[in-house]
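Visitor: make a model of this:
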Amino acid sequence: MLKILREWQAKVALVFFILYTVLWAYLQYSHSSTSSSAFHFFGITYCLVAFWGALWGIFIAVKWGGLKSVMGKALVLFSLGLFAQTFGQITYSLYAIVLKIEMPYPSIGDLGFFGSIPLYICGMVYLAQASGISISLREFKNRIQVVLLPLVLLALSYFIFLKGYEFDWTQPLAIILDFGYPLGQSIYISIALLTFILSKNSLGGKMKNRILLVLFALVLQYLSDFMFLYQASNNVWSVSGLNDYLYFVSYFFMALSLIQFKTVYNELRHRAS
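Guide: Model (predicted):
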């Protein structure tokens, strides 16, 4: 973790994280109305840390050879996933804060939120390949913990959000998203967990901590989505509340997980020289 902070891009992200954490904490204890400009400012701008991480993820991917290399493809896909999340957050903020209307579901914002899921899945598969790991159905069968985790996540989503679900076939896209969100997220977390477990025997275990940071960021993003669905379904969600802060934390760690591969690239280049 400390190695990542040697990079100035990570230092900028850290400063942003500290400042916005202080701002968020102040807002929670200021007793100000959630409709105040300060709450709106946080709600609209905290996704900039995701944009920062995605932007530098693309630049770092170029160093790795871009789409011509497996690692480059992984970094591009994760960066596009962060860009997609940024798009979804900005769209949602425009509806809720600027236009002051309830965002329809499904909406254009789901292009970003749901679109990040296949991007993260593909990015995780490429990251596994770049780490010298072959992801196969055989490995999934032999790793009970990898199968158990997504089943637990799916069970939680079902019993909390989908139990007694009424299928409205006049809105097929809504049905696809309702089931697609928890299923897709359980898939990328499962692949990340399997990659982390197998990485201890890959490349001398050098990639294990790198993959752990990616896994941590993905789990945080899943928890953010889970909390949003729970709060929204119970009408307790509020702008710049705990859910927004958890999204902010997940974006920060995803940004660091991308920037860390600049450190990896520099270390490999130094050894080769």
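Visitor: quick one: buried residues of the helix or strand containing Ile176?
Guide: Using DSSP states H and E, Ile176 sits in helix 172-198. By neighbour count with 16 or more other C-beta atoms under 10 Å, helix 172-198 contains the buried residues 174-175, 177-179, 181-182, 184-198. Where you see a C-beta, it was placed from the backbone N, CA and C, and this is true even at glycine.
Visitor: same check on stretch 121-138?
Guide: 121-131, 133, 135.
Visitor: got a markdown table for those residues, with pLDDT too?
Guide: Below are the buried residues of stretch 121-138 laid out as a markdown table (pLDDT from 0 to 100):
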| residue | pLDDT |
| --- | --- |
| Ile121 | 94 |
| Cys122 | 95 |
| Gly123 | 95 |
| Met124 | 92 |
| Val125 | 91 |
| Tyr126 | 93 |
| Leu127 | 92 |
| Ala128 | 87 |
| Gln129 | 87 |
| Ala130 | 86 |
| Ser131 | 80 |
| Ile133 | 71 |
| Ile135 | 61 |
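Visitor: and of these, the nearest to Ile44?
Guide: Closest approach to Ile44 among the buried residues of stretch 121-138 (C-beta to C-beta): Gly123, at 26.7 Å.
Visitor: in JSON lines, list the buried residues of stretch 121-138 along with distance to Ile211 and secondary structure.
Guide: Putting those into JSON lines (distance: C-beta to C-beta, whole Å; DSSP: H, G, I helix; E, B strand; the rest coil) gives the following:
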{"residue": "Ile121", "distance to Ile211": "15", "secondary structure": "helix"}
{"residue": "Cys122", "distance to Ile211": "16", "secondary structure": "helix"}
{"residue": "Gly123", "distance to Ile211": "12", "secondary structure": "helix"}
{"residue": "Met124", "distance to Ile211": "9", "secondary structure": "helix"}
{"residue": "Val125", "distance to Ile211": "13", "secondary structure": "helix"}
{"residue": "Tyr126", "distance to Ile211": "12", "secondary structure": "helix"}
{"residue": "Leu127", "distance to Ile211": "7", "secondary structure": "helix"}
{"residue": "Ala128", "distance to Ile211": "8", "secondary structure": "helix"}
{"residue": "Gln129", "distance to Ile211": "12", "secondary structure": "helix"}
{"residue": "Ala130", "distance to Ile211": "10", "secondary structure": "helix"}
{"residue": "Ser131", "distance to Ile211": "7", "secondary structure": "coil"}
{"residue": "Ile133", "distance to Ile211": "9", "secondary structure": "coil"}
{"residue": "Ile135", "distance to Ile211": "12", "secondary structure": "coil"}
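Visitor: ok, so of those, who is nearest Leu220?
Guide: Met124 (14.9 Å).
Visitor: which strand or helix spans Ile211?
Guide: helix 208-233.
Visitor: wait, doesn't Ser257 sit right on Gln221?
Guide: No - taking contacts as C-beta atoms under 8 Å, Ser257 lies outside contact range of Gln221: 11.0 Å.
Visitor: buried sites along stretch 16-24?
Guide: Phe16, Phe17, Tyr20, Leu23, Trp24.
Visitor: skipping adjacent residues, who's closest to the first one in space?
Guide: To tie it back to what came earlier, the one meant is Phe16. Excluding its sequence neighbours, the residue lying closest to Phe16 (C-beta to C-beta, 6 or more residues apart in numbering) is Val49, at 5.3 Å.
Visitor: mind checking how far the one helix or strand that neighbour maps to is from the chain centre?
Guide: In the assignment (DSSP H and E), Val49 maps to helix 48-63. Centroid separation for helix 48-63 versus its chain: 14 Å, with C-alpha atoms, centre = their mean, to the nearest Å.
Visitor: distance-wise, check Thr195 relative to Gly123.
Guide: 11 Å (C-beta to C-beta, to the nearest Å).
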